[in-house]
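**Student:** Dropping a prediction and its sequence here:
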Amino acid sequence: MAAIPGGADHSHDHAHDHPSGFMRWVTTTNHKDIGSMYLWFSFAMFIVGGIMALVIRAELFQPGLQVVDPDRFNQMTTLHGLIMVFGAIMPAFVGFANWMIPLMIGASDMAFARMNNWSFWLLPPAAILLTSSLLVPGGAAASGWTLYPPLTVQMGIGMDMAIFAVHILGISSIMGSINIVTTILNMRAPGMTLMKMPLFCWTWLITAYLVIAVMPVLAGAVTMILTDRHFGTSFFNAAGGGDPVLYQHIFWFFGHPEVYIIAIPAFGVVSQVIPAFSRKPLFGYASMVYATSSIAILSFIVWAHHMYTVGMPVAGQLYFMFATMLIAIPTGVKVFNWVATMWRGSLSFETPMLFSIGFLFLFTLGGFSGLVLSMTAVDVQLHDSYYVVAHFHYVMVAGALFSAYAGAYYWLPKWTGHMYDEKLGKLHFWLSLIFFNMTFFVQHFLGLAGMPRRIPDYSLQFAEFNKISSIGAFGFGLSQLVFLVVVLKCLKGGEKASAKPWDGAEGLEWTVPSPAPHHTFEVPPVVK
């Protein structure tokens with residue numbers, strides 16, 4: 001129960017208002033508690049999704065069928081994708097948002113504290129529903145995370161569980177986003193204009209609008225599948241006058257902005273970390289805000305670049321090709337600004353900075369392979385091949401995951417009051433970097449040589465690269481346990497963090513065009 005500003009605090013009169021133990025977490029409305037729960041949940045789902053990826057890579061270690069049957073293999077690809085996107089990456093960044101946005105804008109909490117609690121507690125049931133679809137007769141949806149009909153119209157009850165889980169996850173995301181938008185627009189400290197906010201707040205404001213715009217589209221798409229399955233409609237059934245390609249249009253109208261829902265908060269984290277370890281303000285603050293906004297707007301008009309092979313008219317293909325290439329411009333602006341921020345700065349390379357620089361290199365590489373795939377004639381050759389898998393893992397893992405680690409290491413001292421183990425942090429970074437590239441770089445070659453994705457068996461010509469990729473995947477998976485050790489050590493204690501753990505650079509958490517304010521808004525300033 002929050003004290004009323006200016007009034008007496010009677011919270012001590014009601015001991016039962018402050019449950020302890022497990023109930024404290026179930027009923028909490030504190031943005032920091034909820035942020036922590038999001039982060040733990042996302043790490044748990046990251047492990048679950050990672051185990052599924054390792055099942056996939058174990059099967060692909062050599063030609064032939066070893067570990068799982070083809071149907072189970074495809075269920076693994078479906079759930080790996082859905083869990084990593086909706087269970088791991090998105091909740092991780094929502095956790096950052098919950099923890100940091102109120103602190104950064106000088107708000108006492110999120111705007112809708114109880115809705116905040118509810119939007120978190122929708123996630124565990126949805127995750128259980130999704131993963132337990134593996135256990136029902138017929139198993140989970142073996143359709144890939146995109147849930148394309150006509151496959152999804154014919155599958156067993158696991159498909160209905162997946163649809164229901166996607167609905168619940170979507171409701172959670174929409175509520176979280178409404179909360180973030182309201183908090184940022186209405187609860188900033190006096191004097192903090194929008195153009196003085198830390199960039200992390202900007203990226204989340206933009207992301208939250210994207211979520212509110214496209215999550216209902218996904219809900220509509222899966223609901224149409226549901227009615228095709230059980231209520232005799234024919235949205236996607238050609239026999240009844242429907243069209244399976246219609247589903248692809250609806251899905252990717254959600255799916256492409258979704259990619260940026262994952263990437264834009266990552267840009268925000270990196271825009272906090274790089275200035276701090278360069279010891280200078282972010283280069284081109286305003287241009288970063290405009291570039292991020294343009295990326296968000298452009299993400300709505302490029303969806304059919306995922307669909308060059310469906311028989312689109314050439315004019316349509318050309319339009320989507322050029323529109324997609326356009327996104328490279330604001331993205332290039334952001335990369336330039338990050339590099340310019342580091343240019344002639346007083347750089348130091350602690351773990352958060354290492355992950356940010358790793359992000360910068362690898363995300364840019366993923367962006368380039370995306371530019372390659374934007375060209376219709378090239379994409380027709382590479383569509384549904386491992387080149388695409390390599391491309392989006394460079395964007396998702398090296399983009400979203402590396403920046404999430406950068407943020408976690410950067411803010412751990414603030415969250416726990418203790419410094420993490422720098423040696424272990426650096427070990428985690430280098431292992432992740434090496435094994436990540438070992439896993440995914442060779443997949444570009446597999447794709448160029450023509451290996452299709454989502455296939456459990458392959459011809460001998462692909463054996464060497466698959467072996468390298470699988471060894472890399474197990475290495476990458478195991479090195480994530482180093483991070484768990486770092487966090488647990490940090491929570492248990494260790495070196496106390498100073499008020500400004502990053503050597504006086506922490507004032508640059510407020511990367512604003514004007515000089516930074518004198519306080520950190522841990523306690524909202526009193527307005528006379």
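**Tutor:** Cool, got the structure.

**Student:** Look at L488 and say how many residues are nearby.
**Tutor:** Applying other CB atoms under 10 Å, we find 9 residues neighbouring L488. C-beta: built from backbone N, CA, C; applies to glycine.

**Student:** in a helix, that's where it is, yeah?
**Tutor:** Yes: judged by DSSP: H, G, I helix; E, B strand; the rest coil, L488 forms part of a helix.

**Student:** tell me the pLDDT at it?
**Tutor:** The score at L488 is 95. That number is its pLDDT.

**Student:** Quick check: it vs A398, distance?
**Tutor:** The spacing between L488 and A398, counted by CB to CB, to the nearest Å, is 25 Å.

**Student:** and if you look at G255?
**Tutor:** Distance from G255 to A398, by CB to CB: 20 Å.

**Student:** For the two, work out which one has more neighbours and name it.
**Tutor:** For G255 versus A398, neighbours defined as other CB under 10 Å are more numerous around A398 (26 against 19).

**Student:** who are the neighbours in contact with that one?
**Tutor:** G358, F359, F361, L362, F363, L365, G366, F436 (CB atoms under 8 Å, 6 or more residues apart in numbering).

**Student:** Show me just the buried residues among those residues.
**Tutor:** Neighbour-count burial (16 or more other CB atoms under 10 Å) applied to those gives G358, F359, L362, F363, L365, G366, F436.

**Student:** between these, which is nearest G332?
**Tutor:** Nearest to G332, judged by CB to CB, of the buried ones among the contacts of A398 is F363 at 11.9 Å.

**Student:** these two touch, right, that closest one and M396?
**Tutor:** No: using CB atoms under 8 Å, F363 is not in contact with M396; the gap is 9.8 Å.

**Student:** buried ones in the lowest-mean-pLDDT helix or strand in the chain?
**Tutor:** Lowest on mean pLDDT, DSSP states H and E among the helices and strands of the chain sits helix 151-154, with a mean of 89. Applying a neighbour-count criterion of 16+ other CB under 10 Å, one finds L151, T152, V153 buried in helix 151-154.

**Student:** again with stretch 132-146
**Tutor:** S133, L134, G139, A140, A141, A142, S143, G144, W145, T146.

**Student:** Quick one: list the elements packing against the least confident helix or strand of the chain.
**Tutor:** Using 3 or more CB pairs under 8 Å, 6 or more residues apart in numbering; DSSP states H and E as the contact test, the elements touching helix 151-154 are helix 199-230.

**Student:** what about the helix or strand following the helix it packs on, average pLDDT?
**Tutor:** With elements assigned by DSSP states H and E, the helix or strand that comes after helix 199-230 is helix 244-278. Throughout helix 244-278, pLDDT has a mean value of 96.

**Student:** now the angle between helix 199-230 and helix 244-278, please.
**Tutor:** Interaxial angle of helix 244-278 relative to helix 199-230 (axes from the mean of the first three to the mean of the last three CA atoms, to 10 degrees): 160 degrees.

**Student:** ok now helix 244-278, how far from the chain's centre?
**Tutor:** 7 Å (CA atoms, centre = their mean, to the nearest Å).

**Student:** who touches stretch 309-324?
**Tutor:** With CB under 8 Å, 6+ apart, stretch 309-324 has contacts from 245, 248, 298, 301-305, 308, 370, 374-376, 379-380, 383-384.
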